[in-house]
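Novice: only geometry, no sequence info:
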């Protein structure tokens with residue numbers, strides 16, 4: 001039995017003991033977190049423990065998924081451990097599920113039920129007072145192209161919900177609760193509210209009027225069906241890359257490995273490449289609608305940053321075993 005000193009890092013933690021007695025031979029870091037969680041009343045995921053000697057985070061699992069023993073950390077009698085309250089937490093999986101539900105609700109709602117109200121010239125419609133927002137006295141039925149756009153957009157996010165629930169494996173359990181608002185804003189506002197408002201207008205191609213009439217999906221079946229085919233290819237390819245990533249990390253472990261195979265032999269993050277390709281198909285079918293283009297631009301830049309960061313991490317972690325390549329776009333980026 002040894003005694004470890006416990007000190008708060010940052011703000012004080014109520015009921016945090018100044019020391020804790022452990023059996024060095026049998027105590028796991030998981031049990032250390034559990035005991036401090038019970039003492040302080042904070043959830044397990046809300047606490048972060050670090051070694052006083054070097055500030056490294058005390059993890060609970062090895063890459064193999066096995067428990068970490070306290071004695072493996074090199075802690076001795078009266079060694080110091082810092083405990084930090086990370087604030088209210090929410091599960092990563094839950095955050096993604098909340099993010100994607102917004103567009104799933106908004107697009108069918110806007111197309112099937114709200115069009116007569118959203119685009120009415122009635123003075124009671126607040127949107128009619130917004131400059132350049134398309135409103136009219138007579139709301140025509142939704143076009144085939146608009147119905148296709150609604151189906152493709154909704155199915156994309158249904159697929160994401162499925163992958164979040166059944167496919168993805170996360171290296172961390174939780175994130176700060178306030179992140180849910182920041183993360184959800186991207187999808188609820190850009191791909192949800194904004195796209196829904198400007199894809200199902202009475203004049204569906206107004207926003208993309210610069211697009212040649214002969215190349216608009218409503219006038220050219222080749223563009224419509226070609227766009228749908230491209231979307232299906234991108235979605236299936238994106239799903240395949242997610243299955244590859246899933247296979248690299250056994251359940252319950254934090255193991256990292258270099259992904260190879262379809263897409264990964266060409267770029268570092270083909271899952272991002274196929275994601276953008278799928279949205280380019282939607283943009284093509286929409287006639288170059290600016291709201292879709294804005295969502296692609298913001299999401300594409302963000303994913304490019306993530307891809308470059310991941311590529312640097314692969315080179316640092318795996319060294320010469322990792323073959324450097326473009327991160328998202330073959331031969332370009």
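Specialist: Yep, it's here. Just so we're clear, the structure is a prediction, and the values are computed from it rather than from any experiment.

Novice: residues contacting the nearest residue to residue 25 once chain neighbours are set aside?
Specialist: Counting by C-beta to C-beta, 6 or more residues apart in numbering, residue 71 is the residue found nearest to residue 25 once chain neighbours are left out, at 6.6 Å. The way it works is simple: take the backbone N, C-alpha and C, and place the C-beta from them, glycine included. For residue 71, the contact set (C-beta atoms under 8 Å, 6 or more residues apart in numbering) comprises 24-25, 27.

Novice: and what of residue 270?
Specialist: 237, 241, 262-264.

Novice: tell me how many other residues crowd the residue lying closest to residue 48 once chain neighbours are set aside.
Specialist: Nearest residue to residue 48, sequence neighbours excluded (C-beta to C-beta, 6+ apart): residue 84, at 4.6 Å. Per other C-beta atoms under 10 Å, the neighbour tally for residue 84 reads 16.

Novice: residue 84 falls within a strand, correct?
Specialist: Yes: looking at residue 84 with DSSP: H, G, I helix; E, B strand; the rest coil, it is inside a strand.

Novice: need the contact list for it.
Specialist: So residue 84 contacts 8-10, 47-50 (C-beta under 8 Å, 6+ apart).

Novice: the domain parsing of this structure - what is it?
Specialist: As given by automatic domain parsing, the domain ranges for the chain are 2-87, 96-321.

Novice: other residues contacting the helix or strand harbouring residue 185?
Specialist: Per DSSP states H and E: residue 185 is located in helix 179-185. With contacts defined as C-beta under 8 Å, 6+ apart, helix 179-185 is touched by 90, 94-95, 98-99, 102.

Novice: in that helix, what's buried?
Specialist: Neighbour counts using 16 or more other C-beta atoms under 10 Å place 180, 184 of helix 179-185 among the buried residues.

Novice: surely residue 188 meets residue 103?
Specialist: Yes: look at residue 188 against residue 103 with C-beta atoms under 8 Å: they come within range, at 7.4 Å.

Novice: so for these two, which sits in the more crowded spot?
Specialist: Using other C-beta under 10 Å as the criterion, residue 188 and residue 103 rank with residue 103 on top: 24 against 20.

Novice: returning to what we had before: out of the domains of the chain, which one sits most buried?
Specialist: Ranked by mean neighbour count, the domains of the chain are led by domain 96-321 with a mean of 17 (mean count of other C-beta atoms under 10 Å).

Novice: what separates it from the chain centre, distance-wise?
Specialist: 12 Å (C-alpha atoms, centre = their mean, to the nearest Å).

Novice: distance between the ends of it?
Specialist: Domain 96-321 has an end-to-end distance of 32 Å (criterion: C-alpha to C-alpha, to the nearest Å).

Novice: mean confidence score for that domain?
Specialist: Computed over domain 96-321, the mean pLDDT rounds to 91.
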